[in-house]
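K.L.:
I need the structure of the sequence given here:
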Amino acid sequence: MTTQIIISDISIHQDAEGRYSLNDLHKASGNERRHEPSLWLNLQQTKELIEEILNTGNPVFNPAVTRRGRAGGTYVCKELVYSYAMWISAVFSLRVIRAYDALVTQNPQNNAIPATSTSPHCYEIITSFCDGQMISRRMIQPGEILIHRDDHIEMMARSGYLVIHCSELGKMGAPELARRIETTRRMMDLWAK
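P.N.:
As a prediction, the model looks like this:
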């Protein structure tokens, strides 16, 4: 079983205790100065989270270590990886969570998340699986939006809009229209909870 996590084509290394490299995560997030691990580690919220991790349970190793030298870097436990990713952005956080889930479940389908690249020469490859078998693979262009028409209809319905094609509207009587409105209202109420 592999323990390698790859995010945005960057392999996230682990130390002997299983902590993850924040330096690798920083590269995977786009390598911006404003997202440097040292800035995140100096936040009061980060310090409190590390303290809480140390105080709960019986940790057998320090949740965050920084080493100097050739094999140096900052390594943190899984909970701190999530916190660091959330500090960077919601998109990067989701990418990290899904990559870790894919590792744990050994389900490569979870890794098929489009990434927003900072370089116009970088592309993502989306691989689709059905019953554990790869059924398609295609390259995604930078800035390409991956959403299907049916997804728009569902999002509109979740927001409380009744979406009816104009060809259906003319054939629909008042009772059918009222039924569709009530179905949409129930769907919106379910998603609002």
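
K.L.:
for Ile181, what are its contacts?
P.N.:
Contact analysis of Ile181 by CB atoms under 8 Å, 6 or more residues apart in numbering lists Leu162. (C-beta placed from N, C-alpha, C; glycine too.)

K.L.:
Where does it fall, secondary structure wise?
P.N.:
Using DSSP states H and E, Ile181 sits within helix 174-192.

K.L.:
Next: Ser38.
P.N.:
Going by DSSP H and E, Ser38 is part of helix 37-41.

K.L.:
Tell me which other helices or strands that helix touches.
P.N.:
Identification of packing neighbours for helix 37-41 by 3 or more CB pairs under 8 Å, 6 or more residues apart in numbering; DSSP states H and E yields helix 22-28, strand 73-76, helix 78-88.

K.L.:
Only the buried residues of the next helix or strand after that helix, if you could.
P.N.:
Downstream of helix 37-41, the next assigned helix or strand under DSSP H and E is helix 44-55. By neighbour count with 16 or more other CB atoms under 10 Å, helix 44-55 contains the buried residues 46, 49-50, 53.

K.L.:
ok, so of those, who is nearest His165?
P.N.:
Leu49 (49.7 Å; CB to CB).

K.L.:
Any regions of this protein where pLDDT drops low?
P.N.:
1-3, 57-60, 106-129, 134, 136-160, 191-193 (pLDDT under 70).

K.L.:
Could you chop it up by domain?
P.N.:
5-118, 149-192 (automatic domain parsing).

K.L.:
okay, those, which one's buried deepest?
P.N.:
Highest mean neighbour count of these: domain 5-118, a mean of 16 (counted as mean count of other CB atoms under 10 Å).

K.L.:
Residues contacting the helix holding Ser38, please?
P.N.:
So helix 37-41 is contacted by 22-23, 25-26, 46-47, 64, 66, 74, 83-84, 87 (CB under 8 Å, 6+ apart).

K.L.:
can I get these in a markdown table with distance to Gly132?
P.N.:
Formatted as a markdown table, those follow (distance: CB to CB, whole Å):
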| residue | distance to Gly132 |
| --- | --- |
| Leu22 | 33 |
| Asn23 | 34 |
| Leu25 | 29 |
| His26 | 33 |
| Thr46 | 39 |
| Lys47 | 43 |
| Ala64 | 37 |
| Thr66 | 40 |
| Thr74 | 36 |
| Ser83 | 33 |
| Tyr84 | 32 |
| Trp87 | 35 |
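
K.L.:
ok so Ile97 is a helix residue?
P.N.:
Yes: counting by DSSP: H, G, I helix; E, B strand; the rest coil, Ile97 is located in a helix.

K.L.:
So it sits against Ser83, correct?
P.N.:
No: using CB atoms under 8 Å, Ile97 is not in contact with Ser83, being 11.7 Å away.
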